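Enquirer: With the sequence up front, the predicted model follows.
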Number of protein chains: 2
Amino acid sequence: MTIKAYVYDAYGTLFDVHSVTKKAELLFEAHGKAISEEWRKKQVEYFMLHQLTGRYIPFSEITRNALLYTLKKLSLQCNEDALDSLMEAYLELKVYEEVHNTLHKIQKNDVKQVIFSNGTYKMLEPLVKKRELTDVLDLLSIEDVKQYKPAPGAYQYAQEKLCVNRDEILFLSSNFWDITGAATFGFKTAWINRGSLPLDVLGVKPHYIFSSLNDLLNEKELHS
Amino acid sequence: MTIKAYVYDAYGTLFDVHSVTKKAELLFEAHGKAISEEWRKKQVEYFMLHQLTGRYIPFSEITRNALLYTLKKLSLQCNEDALDSLMEAYLELKVYEEVHNTLHKIQKNDVKQVIFSNGTYKMLEPLVKKRELTDVLDLLSIEDVKQYKPAPGAYQYAQEKLCVNRDEILFLSSNFWDITGAATFGFKTAWINRGSLPLDVLGVKPHYIFSSLNDLLNEKELHS
């Protein structure tokens, strides 16, 4: 299999969105986990709804709106300071432990490596810098085309920017909705099944199912 | 306000999707509630993903696929009989207690009353018949146009079939994603907030927020 570009989703795949739990817990004792879970759930729901109804707003606004809803739903006192503080936590998400090593090893194969995310550049740049991945990863955001993944227009934009054929792209994501969109568009896909979840019944089968990015290095077919 | 057509969502608005809990509990002791909740969650996620990725399959298949995933996720033994039995429960959902009275009273105003649903006719017809609503409600399904709500094409189809202006339609739904789509398209909207949830932060404000359909009868503006 000839792969010319490794394209990674950011949130949930390289970066742990639930690392905001710590700050959420400091601000709202005993609610950290609930905040983190509802926040992510609503964030995903919100960008899908904006895409479905054809009203684009940037991912930063969506993320803030999802947080606002979350605090209201959990009946927590919500002020600008708390919102700002949690939004800042999104610029400092932890990177999954195997990411650094895996991406550096893959880079030796002389392939392109790119983040392709629903996040804005202003959200992604500080994250990639802080987690010392700037030398192995380029950045691409749907912000340029205002089409949220998993809509086909998003993946099409990535393909055009990468200038390779659809099936020469390996798209890696922990989010099955993202795998669904990428596979439907014609990318090769690897589902990083960090949560040991069953395969969704959506008529889509990923080319690979990995439990973490470590497995990527062991896949002989990819490195022959 | 001149309203010429009252358009109701079906699942969650007129019919209680969680009335499947009883049968689920009989089949899988101690898991009834978890099955019902995960099933509905996945059903909504799945039709949105099929819409977003442009691959239509009927709502009956989506509902079955969502159930299949649910049983796998909950590590429950899943066989065809159990699937069939729970799918049948979807044809016998309970109607919310105020529906019958409200719809009959509104009918006296000589307006159109229609269900407009993502469900297929084969799923909706037995339900409307069993709950004795055939004399007050017409049926309209997105099946005709293969565009799932909340995509604009779905609401556009409903408007064309009803032959009234967008703002002469009052669209009623308990599902905020549905209100978002209908309001964006230009319908008047009433959110039946059965779960006492906060308003979603999606840049959409419903014209009315009711706790049940009972409130519809008390809204003087609608009946002047």
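Expert: Received the coordinates, thanks. Numbers count the residues shown, from 1 in each chain, chains lettered A, B, ... in the order given.

Enquirer: Next, please give the residue ranges for the helices of chain A.
Expert: Ranges of helices in chain A, per DSSP state H, are A:21-27, A:32-52, A:59-73, A:80-89, A:99-107, A:121-130, A:152-162, A:176-185, A:214-218.

Enquirer: any chance of the ones you listed in CSV, plus mean neighbour count and mean pLDDT?
Expert: Where C-beta positions appear, they are placed from N, C-alpha and C, glycine not excepted. Listed next are the helices of chain A as CSV, based on neighbours: other C-beta atoms under 10 Å in any protein chain shown; pLDDT from 0 to 100:
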stretch, mean neighbour count, mean pLDDT
helix A:21-27, 17, 97
helix A:32-52, 21, 98
helix A:59-73, 21, 98
helix A:80-89, 14, 96
helix A:99-107, 17, 95
helix A:121-130, 17, 97
helix A:152-162, 19, 98
helix A:176-185, 25, 98
helix A:214-218, 15, 93
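
Enquirer: Could you dump these into JSON lines and include distance to residue B:126?
Expert: Output for the helices of chain A, formatted as JSON lines (distance: least, C-beta to C-beta, whole Å):
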{"stretch": "helix A:21-27", "distance to residue B:126": "46"}
{"stretch": "helix A:32-52", "distance to residue B:126": "29"}
{"stretch": "helix A:59-73", "distance to residue B:126": "35"}
{"stretch": "helix A:80-89", "distance to residue B:126": "47"}
{"stretch": "helix A:99-107", "distance to residue B:126": "51"}
{"stretch": "helix A:121-130", "distance to residue B:126": "48"}
{"stretch": "helix A:152-162", "distance to residue B:126": "36"}
{"stretch": "helix A:176-185", "distance to residue B:126": "31"}
{"stretch": "helix A:214-218", "distance to residue B:126": "47"}
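
Enquirer: Export those as a markdown table, with columns for distance to chain B.
Expert: Listed next are those as a markdown table, based on distance: least, C-beta to the nearest C-beta, whole Å:
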| stretch | distance to chain B |
| --- | --- |
| helix A:21-27 | 18 |
| helix A:32-52 | 5 |
| helix A:59-73 | 4 |
| helix A:80-89 | 12 |
| helix A:99-107 | 26 |
| helix A:121-130 | 18 |
| helix A:152-162 | 6 |
| helix A:176-185 | 4 |
| helix A:214-218 | 22 |
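
Enquirer: I'd like the domain boundaries of chain A, if you could list them.
Expert: Split into domains by automatic domain parsing, chain A comes to A:5-15+A:93-223, A:17-89.

Enquirer: so which of the ones you listed gets nearest residue B:41?
Expert: domain A:17-89 (9.5 Å; C-beta to C-beta).

Enquirer: how long is that closest one end to end?
Expert: 9 Å (C-alpha to C-alpha, to the nearest Å).

Enquirer: Please apply the same query to stretch A:170-184.
Expert: Terminal-residue distance, stretch A:170-184 (C-alpha to C-alpha): 13 Å.

Enquirer: what about it, distance to the chain center?
Expert: Distance, stretch centre to chain centre, for stretch A:170-184: 10 Å (C-alpha atoms, centre = their mean, to the nearest Å).

Enquirer: again, but for stretch A:216-224
Expert: Per C-alpha atoms, centre = their mean, the centroid offset for stretch A:216-224 relative to its chain is 23 Å.

Enquirer: for stretch A:37-44, same thing?
Expert: 13 Å.

Enquirer: Please apply the same query to stretch A:206-213.
Expert: 15 Å.

Enquirer: How about stretch A:63-80?
Expert: Worked out by C-alpha atoms, centre = their mean, stretch A:63-80 lies 22 Å from the chain centre.

Enquirer: what does stretch A:185-202 give?
Expert: 13 Å.

Enquirer: where does residue A:10 fall, phi/psi-wise?
Expert: phi -90, psi -70 (degrees, to the nearest 10).

Enquirer: For the residue nearest to it when sequence neighbours are not counted, give me its contacts.
Expert: The shortest distance from residue A:10 to any non-neighbouring residue, by C-beta to C-beta, 6 or more residues apart in numbering or on different chains, is to residue A:117 (3.9 Å). By C-beta atoms under 8 Å, 6 or more residues apart in numbering or on different chains, the contact set of residue A:117 is A:9-11, A:124, A:139-142.

Enquirer: Among those residues, which one sits closest to chain B?
Expert: residue A:142 (12.9 Å; C-beta to the nearest C-beta).

Enquirer: I figured that closest one was touching residue A:157, is that so?
Expert: Yes: using C-beta atoms under 8 Å, residue A:142 is in contact with residue A:157, at 7.0 Å.

Enquirer: hang on, the earlier thing: of all the helices of chain A, which one comes closest to residue B:66?
Expert: Per C-beta to C-beta, nearest to residue B:66 of the helices of chain A: helix A:176-185, 13.2 Å.

Enquirer: Other residues contacting that closest one?
Expert: Here helix A:176-185 has contacts from A:9, A:44, A:48, A:149-152, A:154-156, A:159, A:166, A:171, A:173, A:189, A:191, A:197, A:199-200, A:202, A:204-206, B:45, B:49, B:52-55, using C-beta under 8 Å, 6+ apart.

Enquirer: Cool, thanks, signing off.
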